[in-house]
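Q: Just to be clear, the model below is a prediction. Sequence and coordinates:
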Amino acid sequence: MSTELRRELMLHKDFITEEQEQVFVIKEEGIYRLLSDSKYSPIFEALNHGPLTLKELVTEYNRIAESPKKQTSIYNYLMDLINKNLIIKAGQRIISGKTATEVLYGKRAKLYYSSVLTEEYWTTGQGKSIISKIYQMLNIYTLSEGLSEENLTALFHNIFSNFHTEVGKIFNEHSDKINKIVSPLSFRQLSRTTAVLNMLIMVLNSKSYKDELKACFPSKLKDK
Amino acid sequence: MSLGDYITVEQKPLMLIEGKKQLKAYNDPKLAILLETLRKGPMTVREITYEYNRRIPKPKSEITIYNYIKTLEDADLVILAGQRISYGSTSATQLFSRKAQLMFPMVLMTDKYWETEESKELLDASRSLVSFHTGEDSPSSSDLKALLQNIYSVSSLKLKEFVTSYGDSLKTILADSSQEEVRETVNLFSLVMILLEPEKYANELKKCFP
């Protein structure tokens, strides 16, 4: 009898002690990038259909990943993700006739959403440095006299606050439907879809940042 | 002891990062560290490994770093720039460098993208999601495609024009930026470009969301 078949015949019961959240909003770019890192992404993909034990995860990981990894490596990746709060110990599996239980690992949330450009972001060193660079580039591009780093910060702050409010509303009100739509998407596709959704929300809500845009580019938008 | 570096291929001042393969390599966090390491100029694999390991908590072997270099070379982001000749040694060591001093990622989706199978999946997901926002029926796939194609393609062409015309100024502005900062700067700059020309996509917008 093969090991796999023997395993299937063994009776087991899963006890889920920590339920998945619907949406987890990630506010750090570095942490969001872990989702697309080739050594971590197969873990998220493998856990898309529910919690798994380490052994099951290793099998799934090596089916999905481009290059196979040892159990020790995958365990270390898993611990990295638990430390970053992206993966959780979801519960335990009890196997009939065995005293030792197996830990079940799961995704913290059904959906991870990046919301890096928050209100605080624009006050950080990186936020200010980026504003200064965009300001210099827009100066060359538009030659606008109204442009200042302060005006530009107000514009971005407004646009992104609007994104967060609107996207937050959509996720809270339609989380199950959204999950069905986005769960088959790869990380890259999900990032693109989020970018497109943000873009559409931006062009559909132009009134909400009209004043800030005009303050930055008074002559360019005179008649608009 | 090194006798000198023999550089046979010079770095370009600026290059646009386009296409799936190039963008994938550029956006890979472990390869991004290597590209940032090479900002110092042409280096041997041993030097790259030393500098790379100074930037990360767990050191990587020379073989791993060499594989990363090969992936980047395959994506045309890193080049074999020349050779280092050492005193008393008859064999020369290979020197690798970034293909260009400034790498500018084209973050906006181009015309080509909208013809791919992948874009159909994106359009379907976006149609449903935006209808949750508007509370109305989803726009048709072809109308939404026309709108997005218009928004992204027009800006993508303008961005390309801008980058090629003002490459020197951009090199100065972005000289001390990390790859992550360059990407974010280009993203936000592109958003403003789109906002500045609403008339370019007004008709398509109205058709999608009457």
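A: Nice, I can see it.

Q: Quick check: closest non-adjacent residue to A:Ser175.
A: In space, and not counting its chain neighbours, A:Ser175 is closest to A:Gln22: 4.1 Å by Cβ to Cβ, 6 or more residues apart in numbering or on different chains. All C-beta atoms are positioned from the backbone trio N, CA, C, and that covers glycine.

Q: Now do the same contact list for that neighbour.
A: By Cβ atoms under 8 Å, 6 or more residues apart in numbering or on different chains, the contact set of A:Gln22 is A:Ala109, A:Lys110, A:Leu111, A:Phe171, A:Asn172, A:Ser175, A:Asp176, A:Asn179.

Q: so, in contact with chain B or not, the helix or strand harbouring the second one?
A: This points to A:Lys110. For A:Lys110, the element it lies in under DSSP states H and E is strand A:109-114. No - Strand A:109-114 lies out of reach of chain B by Cβ under 8 Å from any Cβ of the partner chain, never closer than 11.6 Å.

Q: what's the answer for stretch A:58-72, then?
A: No - remark: stretch A:58-72 sits outside contact range of chain B, by Cβ under 8 Å from any Cβ, the gap being at least 10.2 Å.

Q: Show the residue spans covered by the strands in the chain.
A: Assuming you mean chain A. Ranges of strands in chain A, per DSSP state E, are A:12-16, A:21-26, A:52-53, A:87-95, A:102-107, A:109-114.

Q: should've been chain B
A: Using DSSP E, strands in chain B cover B:2-7, B:12-17, B:78-86, B:93-98, B:100-105.

Q: So for B:Thr37, which of those strands sits nearest?
A: Proximity to B:Thr37, assessed across these by Cβ to Cβ, is greatest for strand B:93-98 (9.4 Å).

Q: What is the closest one packed up against?
A: In terms of contacts (3 or more Cβ pairs under 8 Å, 6 or more residues apart in numbering or on different chains; DSSP states H and E), strand B:93-98 is packed against helix B:45-54, strand B:78-86.

Q: Of those, which is nearest chain A?
A: Closest to chain A of these is helix B:45-54 (Cβ to the nearest Cβ; 16.1 Å).

Q: what comes up buried for that closest one?
A: Under the neighbour-count criterion of 16 or more other Cβ atoms under 10 Å in any protein chain shown, helix B:45-54 has B:Val45, B:Glu47, B:Ile48, B:Thr49, B:Glu51, B:Tyr52, B:Asn53 buried.

Q: What residue spans form the domains of chain A?
A: For chain A, the structural domains run A:3-21+A:28-109, A:120-216, going by automatic domain parsing.

Q: now, among the buried residues of helix B:45-54, which is nearest to A:Thr118?
A: Distance to A:Thr118, by Cβ to Cβ, is smallest for B:Tyr52 among these, at 31.4 Å.
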